[in-house]
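J.: Dropping the sequence and predicted coords here.
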Amino acid sequence: MKIKYILTVFFYYSLSLYFGQIEFEKNPTLEKLKAKAKKEKKLIFIDAYTTWCGPCKWISANIFTDKDVAAYYNKNFINAKFDMEDQGEGSTIGELYKVMCYPNLLFIDSNGKLVHRIAGAEQDPIFYIQLGEIAKSSDKNFSFIEANYRENPSDPQLFKAYLTAVSNTCLDYQNELETFLSSLNENDYIKEDNWKIITENVTDFNSKTTRYIADNANQFSEKYGDEVVGFLYSTFQQTAYDLLNESEFQLDKYNSLIQSAKTMDIEIISSLLPIFEVYSFERQSDWENLFEYLMINGDSILDSDSKNRYSYLIAENSSSEIYLKKAEQWMKEVLADSGGENWNALDTYAHVLFKMNRTREALEIAEKSLETGEELEEAQLEETRRFIENIKKTLK
């Protein structure tokens, strides 16, 4: 019986090597993994996943079953998988190693020290073999890069290497970025290494660093040309969107941002200000000021999608004949541009006409919106059908 058992185990092990499958430990705990890693003098590889994570499922099905990847990991590592939401060992490991996104691939030594990590799912199997080689390399892995940076946090080359490593892990590095920037003199911002770090990682238009660059844009432009305007443009836009998307809108902070941008003599940023004024009114549900502003500026600042959006908002939130006539004008323009066969535009136009008490026209357009030949989701179809029924009720 013992010989038969050994042969059976050998048979299944051989199959796994032939067909390719990483052999993950059964019912692992971190302590068991550390003990085995110490005994076999190997690193521990952990696939930190969740059951709902699509990329986690993809690498499990397509990478961990690759013959070459499996052979490499089975030979070089003690392998384990943990569900980060299991309220047990997985959750503990996730908290211990600050797993912030999935999949997170961790390499740990026999003492439990994290030596390398990366997040995400690459499609090339060779990438995972190279990843393992880097993890085993004492002068290339994450822990080496981080230790070098910690020893000299003001060195731009070491900090840039650390940022590159940490940006692939989903770890938050904003505190380290602020510490590095605060260690610099403002006139050091223009140095090439520092400039690259700033432009690749700073996204806050209100930061001390960005404000200094904005106040000295001409000096920076002499060295970096259009990169300077591009940096200021992207940080303004990102900061504005971040404020607009906060759960509680901070109007004072948003207005301060807009006022700061107005003081800058940069055409591309000035061109953004009107639409961000619109977004502010909308974020506050300040319909009267929004629609008044659009009556003056809408023709020049709204594209077709925006005309559609704000025409619908007018129909939903105003009975003003002036506003509704402008919405009708915009929707005629949108339909002309789209060839008149667009469900979204026709649906909006019907809502505008209905609000103007042009009921039969609204019904005709609403019914036409279902005949465009577009593939609509059931929710869209149901929404329009309910609207048509509502129109018909008013005609009885």
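T.: It's in. All values derive from a computational prediction rather than experimental measurement. Numbering: from 1, shown residues only.
J.: who touches stretch 373-388?
T.: Contacts with stretch 373-388, where a contact means C-beta atoms under 8 Å, 6 or more residues apart in numbering, come from 341, 342, 343, 347, 350, 351, 354, 363, 366, 367, 369, 370. C-betas here are computed from N, CA, C, even on glycine.
J.: Which among those count as buried?
T.: 342, 343, 347, 350, 351, 354, 363, 366, 369, 370 (16 or more other C-beta atoms under 10 Å).
J.: count of residues packed around residue 93?
T.: By other C-beta atoms under 10 Å, 25 other residues sit near residue 93.
J.: just how off-centre is stretch 379-396 within its chain?
T.: Relative to its chain's centre, stretch 379-396 lies at 37 Å (C-alpha atoms, centre = their mean, to the nearest Å).
J.: before we move on, the earlier item: so which pair among the contacts of stretch 373-388 is furthest apart in space?
T.: Within the contacts of stretch 373-388, 341 and 354 form the most distant pair, 20.4 Å apart (C-beta to C-beta).
J.: OK, contacts around residue 76?
T.: 42, 43, 132, 136.
J.: Mind giving me the PyMOL command for buried ones among these?
T.: Selection of buried members from the contacts of residue 76 for PyMOL, criterion 16+ other C-beta under 10 Å:
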select buried, resi 42+43+132+136
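J.: on that earlier part again, just the buried ones among the contacts of stretch 373-388 now: which is nearest residue 222?
T.: residue 342 (48.0 Å).
J.: What values do phi and psi take at that closest one?
T.: With angles defined as degrees, to the nearest 10, residue 342 sits at phi -140, psi 110.
J.: what stretches of the protein score poorly on pLDDT?
T.: For the chain, the stretches flagged by pLDDT under 70 are 1-19.
J.: Quick check, central residue of it?
T.: The chain has residue 170 as the residue nearest its centroid, 11.0 Å off, counting by C-alpha atoms, centre = their mean.
J.: show me what contacts it?
T.: Residue 170 neighbours (C-beta under 8 Å, 6+ apart): 100, 101, 104, 119.
J.: For burial, what's the neighbour tally of the first one?
T.: Counted by other C-beta under 10 Å, the residues lying close to residue 100 total 13.
J.: Does it touch residue 172 like I think?
T.: Yes - at 7.4 Å, residue 100 counts as touching residue 172 under the criterion of C-beta atoms under 8 Å.
J.: Which of the three states applies to residue 247?
T.: Classification of residue 247 using DSSP: H, G, I helix; E, B strand; the rest coil returns coil.
J.: Let me know how buried it is, in neighbour terms.
T.: Neighbour count of residue 247, defined by other C-beta under 10 Å: 4.
J.: Torsion angles phi and psi at it?
T.: The phi/psi pair for residue 247 (degrees, to the nearest 10) is phi -60, psi -40.
J.: what are the ranges of the helices in the stretch 201-350 of the chain?
T.: Under the criterion DSSP state H, counting those that start in this stretch, the stretch 201-350 of the chain contains helices at 208-215, 217-224, 226-244, 251-262, 267-270, 273-283, 287-301, 304-317, 321-338, 343-355.
J.: Going by neighbour count, which residues of the first one are buried?
T.: Residues of helix 208-215 classed as buried by neighbour count (16+ other C-beta under 10 Å): 209, 210, 212, 213, 214.
J.: ditto for the shortest one
T.: Of the residues in helix 267-270, residue 269 count as buried by neighbour count, 16+ other C-beta under 10 Å.
J.: chain center to that helix: distance?
T.: From the chain centre to the centre of helix 267-270 is a distance of 25 Å (C-alpha atoms, centre = their mean).
J.: try stretch 84-104
T.: Centroid separation for stretch 84-104 versus its chain: 21 Å, with C-alpha atoms, centre = their mean.
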